[in-house]
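J.: Sequence first, then the predicted structure:
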Amino acid sequence: MELGDFYDDRKFCPTCEGYVPYLISMEHSYCVACGDIVRLFSDEDWTHFNESLKQRRPKGGRPRKDKESA
């Protein structure tokens, strides 16, 4: 696994409407340009990410319990 480069790392800023460099604090990350709180993905990218995860999940579930009691 390759470690990311600190200077190239980006998160999504809703105010700037793009992926921007950020500063990390203990509770949040902040946009370098405007100071707003940033998040990992934009809404569109988050939806796409979740849909791709759903496609990879195995189908099925837990086996059913027997109805006979002991």
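T.: That came through, no problem. Computed from a predicted model, the values in this text were never measured in an experiment.

J.: hey, where'd the strands end up in the protein?
T.: In the chain, the strands defined using DSSP state E lie at 11-13, 18-20, 22-24, 29-31.

J.: Of the ones you listed, flag the one that's most buried.
T.: Each of those was scored by mean neighbour count; the highest is strand 11-13, a mean of 21, by mean count of other C-beta atoms under 10 Å. In short, each C-beta sits where N, CA and C put it, glycine included.

J.: Next one: Phe41 from Glu51, what distance?
T.: Remark: distance between Phe41 and Glu51 (C-beta to C-beta, to the nearest Å) = 12 Å.

J.: can you check Lys59 too?
T.: Distance of Lys59 to Glu51, computed by C-beta to C-beta: 15 Å.

J.: Neighbour count for those two, which is higher?
T.: Taking neighbours as other C-beta atoms under 10 Å, Lys59 and Glu51 compare with Glu51 leading, 9 against 4.

J.: Tell me the pLDDT of that one.
T.: You'll see Glu51 listed with a pLDDT of 90.

J.: could you measure it against Glu44, distance?
T.: Glu51 sits 11 Å away from Glu44, taking C-beta to C-beta as the criterion.
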